[in-house]
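J.: please find the sequence and the predicted model below.
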Amino acid sequence: MFDYVCHQTLTGVEVLSTFSDRVPRARDIESIAPLFWADHCLECSPPACYASCEMFEANEIGRCRRVDYMELEAVPGFDFPVAHLRFRKWAKLRCPYNTLRCLPPQAFLDDYSRHEAALRLTRKADAASKLAPKKFRYPLSRVLHHRYIRGFWPVNSHVVLGMELCLAFYAPVGGGRLILDAHDFDDLLLTRHDFTVRQGLNLWRIPAGELTRAGKPVLALELYPADNAPLELYMLLSDLVSFKPGSTFFKQPAKKVKCVAWDLDNTVWDGILGEDGLDGVKLRPQVAELIRKLDERGILNTVCSKNDEALAKAALEKFGLWDYFLYPKINWLPKSGNLVEIAKLLNINLDTFAFVDDSAFERAEVGESLLCVRVYADSEAGSLLTRPEFDVPVTEDSRKRRAFYMAEEKRQDAFTESDSGDYKSFILSCGFVIDVAPCKAQQDIERCHELLMRTNQLNASTNRIPMDAFQAIAADPDRLVLRVKCSDRYGEYGTVGCLILDTRGETLLCTDFVISCRVAKKKVESAVIMFLMQKYGKSIDIVYRPSERNHVLREEFLSIGAEYDAQNALMRFTSGTIRDYDWATVKEGGTK
């Protein structure tokens, strides 16, 4: 937030949408202590310098303008206002250090929205005040805003446990440096942090305890470019926050890799395609063999390369590799943004990605923008299969995983080309069939165990069951382990679900319910649940334990009619309340 708010139309915000998924949202934050930044000068002693300084330019309230900035009420994809900043020579931003008022993010946004509404009214009075004598021209909106932000000023701002300063901004040009200083109540320097500004998205987190020294309270923070260099940036978040327990915003890489994104030049082949041409680049045979072996393990491959798309496709087809890559992104955009788009298209989490590139710059851009993505140099490619993150269960389904995704791509293309635009109608037109049967065959046991161990988003209990224990459950006469397969006119989805049931009580109890993201949004959950309730003539309770990932399944359960019993960790379904169960034909593939 900023001390003086100048609402103007901000141009060039289209690029910001690339980063919206990588900037903290209100849902990620437990509480926020807003910081209100204002521009100041590094060298002068206002107001005495106003008359003598050749760089003086009055801002809207008569003070020296050292930073050009426009704060917006909203930019699509961001919960907090965005400010476009241009630092002039000797410019700095300064803010009172607020730990006095920490609010839930939505409460603060609602409060600030009401304040904004009041500001809009007072700006009309500001326009009228320009007709008054000069000494009475101090803007009423400025008075109102000043009174508002004083409620956030420090009285004795000691460290608040769990809070951290989060600076998130987009820099159109990189290479500069930003300095962050913290000052005490005598305005003496407590700590200094020095950051290199990269082109693209920058995310900095500083624990509140690292802003002070020897437990002294902080009065103010100052932020300014090193060496008086001009700097332009879009500030997306610049406040003290505490993240929710289990928040996935700054999450670490997952234990296992599901997709490898490959650079091309001097990574998949030797040479630079744009300079050496199609005949000048030479395939690295060890990389081609690695791509094939990853595919056999069920680890997906994609391309993330800055290149000419048509030429790159021709080279990959020449080398017999084009069909191995799903949703390749070959363009001149930042690779971190391309990876975000690929993850959306594959419907898998970014933390399951690995990125291989020969360029240290590109590895840094991805690694610093996407902390959850594993990053490897091209020289490390030969050791990937020996690393634990690539040691994954290999089943009949995993060997076909690429084919399943290629079929899904055809479905999505067909839906895009369809006239109705109604997704349910399209699924029905595909002849969607769900096959539910006891898990008996060894290949079914292996695949269901893989689902239990690797699925996160659509996993109700999040139990990780060792193979020997799972085999014992499958053999237990008092338990029923079901595997779920799906197919339609575009092909097989493979085994996409596993359920563990206890059918002995008056209500069916499902202790484990796992569905692959491969069939997400196709209402497989409701169709299977309705099928079981009709088969056994009972309602069903599904054990649901919230995790940092499975909120997706929680929302799906609630949308199809579940009643959530949080005290007993159960999603309760009855036949009279369940919805959207008629998207598919369900058949029983076996009996018990």
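T.: In hand now; what should we look at?
J.: can you list the domains in the chain?
T.: Domain ranges of the chain: 13-243, 259-390, 419-588, per automatic domain parsing.
J.: mean pLDDT for those domains: which is lowest?
T.: Looking over these, mean pLDDT reaches its minimum on domain 13-243, with a mean of 72.
J.: please confirm that residue 549 is located within a strand.
T.: No - using DSSP: H, G, I helix; E, B strand; the rest coil, the assignment for residue 549 is coil, not a strand.
J.: do you know how far it is from residue 203?
T.: According to C-beta to C-beta, to the nearest Å, residue 549 stands 21 Å off from residue 203. Using the backbone N, CA and C atoms, a C-beta is placed for each residue, glycine as well.
J.: and what of residue 532?
T.: 45 Å.
J.: again, but for residue 312
T.: 30 Å.
J.: out of the two, which sits in the busier spot?
T.: Applying other C-beta atoms under 10 Å to residue 312 and residue 203 shows that residue 312 carries more neighbours, namely 24 against 20.
J.: mind telling me what element the more buried one is part of?
T.: helix 309-318 (DSSP states H and E).
J.: correct me if wrong: residue 287 contacts residue 380.
T.: No - between residue 287 and residue 380 there is no contact under C-beta atoms under 8 Å: 11.6 Å.
J.: list the residues that contact residue 29.
T.: Contact partners of residue 29, counting by C-beta atoms under 8 Å, 6 or more residues apart in numbering, are 105, 241-244, 247.
J.: same thing but at 6 Å, please
T.: Residue 29 makes contacts with 105, 241, as judged by C-beta atoms under 6 Å, 6 or more residues apart in numbering.
J.: now do the phi/psi pair for it.
T.: Backbone torsions of residue 29, given as degrees, to the nearest 10, read phi -110, psi 130.
J.: number the chain from 274, please
T.: In the new numbering, first residue 274, that becomes residue 302.
J.: state the distance from it to residue 289.
T.: 19 Å.
J.: on that earlier part again, would you mark the buried spots in the helix holding residue 585?
T.: Under the neighbour-count criterion of 16 or more other C-beta atoms under 10 Å, helix 582-591 has 585-586, 588-589 buried.
J.: out of those, the closest to residue 543 would be?
T.: For those, the minimum distance to residue 543 (C-beta to C-beta) is 11.9 Å, reached by residue 588.
J.: for residue 612, see how far away the closest one is.
T.: 21 Å.
J.: with residue 510 instead?
T.: 21 Å.
J.: for residue 304, which non-adjacent residue is closest in space?
T.: In this structure, residue 304 finds its nearest non-sequential neighbour in residue 375, 4.4 Å apart by C-beta to C-beta, 6 or more residues apart in numbering.
J.: the one you found touches residue 306, doesn't it?
T.: Yes - shown here, residue 375 and residue 306 form a contact pair, counting by C-beta atoms under 6 Å, at 4.7 Å.
J.: quick one: which of these two has more around it?
T.: residue 306 (23 against 19).
J.: leaving out sequence neighbours, find the closest residue to that one.
T.: The shortest distance from residue 306 to any non-neighbouring residue, by C-beta to C-beta, 6+ apart, is to residue 513 (3.9 Å).
J.: the helix or strand hosting that neighbour pairs with which strands, and in what direction?
T.: In the assignment (DSSP H and E), residue 513 maps to strand 504-516. Note on strand 504-516: by DSSP bridges, its sheet partners are strand 302-306 (antiparallel), strand 356-360 (antiparallel), strand 437-444 (antiparallel).
J.: tell me which helix or strand comes right after the second one.
T.: On the C-terminal side of strand 356-360, the nearest following helix or strand under DSSP H and E is strand 364-369.
J.: ok now that next one, how far from the chain's centre?
T.: 30 Å (C-alpha atoms, centre = their mean, to the nearest Å).
J.: which helices and strands does that strand pack with?
T.: strand 493-498 (3 or more C-beta pairs under 6 Å, 6 or more residues apart in numbering; DSSP states H and E).
J.: where do the helices sit along the stretch 424-573 of the chain?
T.: For the stretch 424-573 of the chain, the helices defined by DSSP state H, counting those that start in this stretch cover 546-549, 558-569.
J.: ok, residue 700 touching residue 856?
T.: Yes - using C-beta under 6 Å, residue 700 is in contact with residue 856, at 5.2 Å.
J.: follow-up on the earlier one: between all of the buried residues of helix 582-591, which two are separated the most?
T.: Between any two of these (C-beta to C-beta), the greatest distance is 7.3 Å, for 586 and 588.
J.: flag every buried residue along stretch 621-630.
T.: 621-630.
J.: no wait, stretch 686-695
T.: residue 688.
J.: now do that stretch: distance to the chain's middle.
T.: 28 Å.
J.: repeat for stretch 722-731
T.: 20 Å.
J.: run through who's touching it.
T.: Against stretch 722-731 from outside (C-beta under 6 Å, 6+ apart): 666, 668, 737-738, 740, 743, 771, 787-788, 790, 822, 825-826.
J.: next step: those restricted to strands.
T.: Counting by DSSP state E, the contacts of stretch 722-731 place 771, 787-788 in strands.
J.: format the residues you listed as CSV; extra columns: neighbour count and distance to residue 731.
T.: Listed next are the ones in strands among the contacts of stretch 722-731 as CSV, based on neighbours: other C-beta atoms under 10 Å; distance: C-beta to C-beta, whole Å:
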residue, neighbour count, distance to residue 731
771, 26, 11
787, 26, 7
788, 25, 4
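J.: pull out the buried residues from the strand or helix carrying residue 801.
T.: For residue 801, the host element (DSSP H and E) is helix 797-809. Going by neighbour count (16+ other C-beta under 10 Å), the buried part of helix 797-809 is 797-806.
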